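[1] Need a 3D model of the sequence below.
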Amino acid sequence: MKAFHLKFSQFLPISLHEAWDFFSSPANLAKITPKEMAFTVTSPLQIEEKMYPGMIITYKVSPVAGIKLNWMTEITHVADHQYFIDEQRFGPYKFWHHQHHFKQVPGGVEMTDLLTYGLPFGIIGNIANSVFVAHKLQQIFNFRKQKTIELFGDYTKETAGI
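    Below is the predicted model:
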């Protein structure tokens, strides 16, 4: 299996506490996922529940052509106000390891997502990644970036005091 790596960074003009409060709540994930993916958290979560190591989160998602898939991730690591990691237990990928990092910077927070994933079906999966999957993931994270700008504002040199 070939592993693929993607990195996404974004700056938001909010406090580390605000960023952590929003992104560590599984209930907010649907808010920053494109509507066409029909993303629904199916776990019985409390609205204010925060992630913790060992937390299992289940979803329904439709990444391609309206086909609904079940997806289960586990939160494997949490360092409060620093990072959390989710890993797929079953779902559309052969392997999924997603790190979410948060760092206080002048004027806001730097968020960095490090994603390592693999696809099933050997060379066919590798071709699918080149033709479709990597582009789709880029679109999802671009949507997330735009949505978080709508929710929290944009980080500019002015907000950083530069």
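
[2] all strands of the protein, in order?
    4-12, 40-41, 56-64, 67-79, 83-90, 95-105, 108-118 (DSSP state E).

[3] Now do the same for stretch 93-113: mean pLDDT, whole number.
    On average, the pLDDT along stretch 93-113 is 97.

[4] Just the buried positions in it, please.
    Residues 93-94, 96-100, 102-103, 107-111, 113 are the ones in stretch 93-113 that count as buried (16 or more other CB atoms under 10 Å). Every residue, glycine included, has its C-beta placed from N, CA and C.

[5] farthest-separated two in those residues?
    Spanning the widest gap among the buried residues of stretch 93-113 are 94 and 107, at 39.7 Å by CB to CB.

[6] Can you name the residues that contact residue 49?
    Neighbour list for residue 49: 25, 26, 27 [criterion: CB atoms under 8 Å, 6 or more residues apart in numbering].

[7] Most neighbours among those, which one is it?
    Neighbour counts for the contacts of residue 49, by other CB atoms under 10 Å, peak at residue 26, which reaches 20 neighbours.

[8] Could you verify my assumption that that one touches residue 41?
    Yes. The pair residue 26 / residue 41 is scored as a contact, 5.9 Å apart, by CB atoms under 8 Å.

[9] Mutual contacts of the two, please.
    Counting by CB under 8 Å, 6+ apart, the residues touching both residue 26 and residue 41 are residue 57.

[10] And the strands of the chain: which comes nearest residue 140?
    Of all the strands of the chain, it is strand 56-64 that lies closest to residue 140, at 8.7 Å by CB to CB.

[11] For that closest one, C-alpha coordinates in PDB please.
    Taking C-alpha atoms only, strand 56-64 is exported to PDB below (Å, rounded to 0.1, in the frame of the first residue of the first chain):
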ATOM      1  CA  ILE A  56     -15.200   6.400  18.800                       C
ATOM      2  CA  ILE A  57     -17.100   8.600  16.300                       C
ATOM      3  CA  THR A  58     -19.300   7.200  13.600                       C
ATOM      4  CA  TYR A  59     -20.500   9.000  10.500                       C
ATOM      5  CA  LYS A  60     -22.400   8.600   7.300                       C
ATOM      6  CA  VAL A  61     -20.700  10.200   4.300                       C
ATOM      7  CA  SER A  62     -21.300  10.400   0.600                       C
ATOM      8  CA  PRO A  63     -17.900  11.200  -1.000                       C
ATOM      9  CA  VAL A  64     -18.800  10.000  -4.500                       C
END
